[in-house]
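Undergrad: structure of the sequence below:
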Amino acid sequence: MTTYTGPERNAERRIAGRLRAKVMRAGGCPYCIHAVHGWGHSACDTPGRTFPLCLKTPGLGFEPDNEKLENSR
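TA: Predicted coordinates:
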């Protein structure tokens, strides 16, 4: 685990907050690895999974696609 200084820790929190806000505004599915994309929309391909409830479901939770998040910055 990396030990950050105070300013570095605050910067990481701000970056994480911006990413969380972006995911929430988009509805989550465009940035999940379990999503199916088509016709300008994204939806989950696993039955019983919906956003934002998938954030609280153990084992079936939201899993971010880091490549898509990096490309959207």
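
Undergrad: name whatever forms a beta bridge with the residue positioned nearest the centre of the chain.
TA: Closest residue to the average C-alpha location of the chain: Pro64 at 4.2 Å, with CA atoms, centre = their mean. Pro64 forms beta bridges with Cys32, as assigned by DSSP bridges.

Undergrad: so who does it touch?
TA: Residues in contact with Pro64 (CB atoms under 8 Å, 6 or more residues apart in numbering) are 23, 31-33. Where C-beta positions appear, they are placed from N, C-alpha and C, glycine not excepted.

Undergrad: per-residue pLDDT of it, please?
TA: Note for Pro64: predicted pLDDT of 82.

Undergrad: again with Arg18
TA: With respect to pLDDT, Arg18 has a value of 89.

Undergrad: and it, how many neighbours?
TA: 11 (other CB atoms under 10 Å).

Undergrad: begin at 55, not 1, for the rest of this chat.
TA: That works, and once the first residue is 55, the last one we named lands at Arg72.

Undergrad: hang on, it is in a helix, isn't it?
TA: Yes: if the criterion is DSSP: H, G, I helix; E, B strand; the rest coil, then Arg72 is within a helix.

Undergrad: so what's the nearest residue to Glu117 once chain neighbours are set aside up against?
TA: Leaving aside its chain neighbours, Glu117 sits nearest to Ile87 (4.8 Å; criterion: CB to CB, 6 or more residues apart in numbering). Contact analysis of Ile87 by CB under 8 Å, 6+ apart lists 117-119.

Undergrad: buried among the contacts of Pro118? Make that a ChimeraX selection.
TA: Buried residues within these, by 16 or more other CB atoms under 10 Å, are selected in ChimeraX with:
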select :77,85,86
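
Undergrad: got TSV for the contacts of Pro118, with pLDDT too?
TA: Formatted as TSV, these follow (pLDDT from 0 to 100):
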residue	pLDDT
Val77	84
Tyr85	83
Cys86	84
Ile87	82
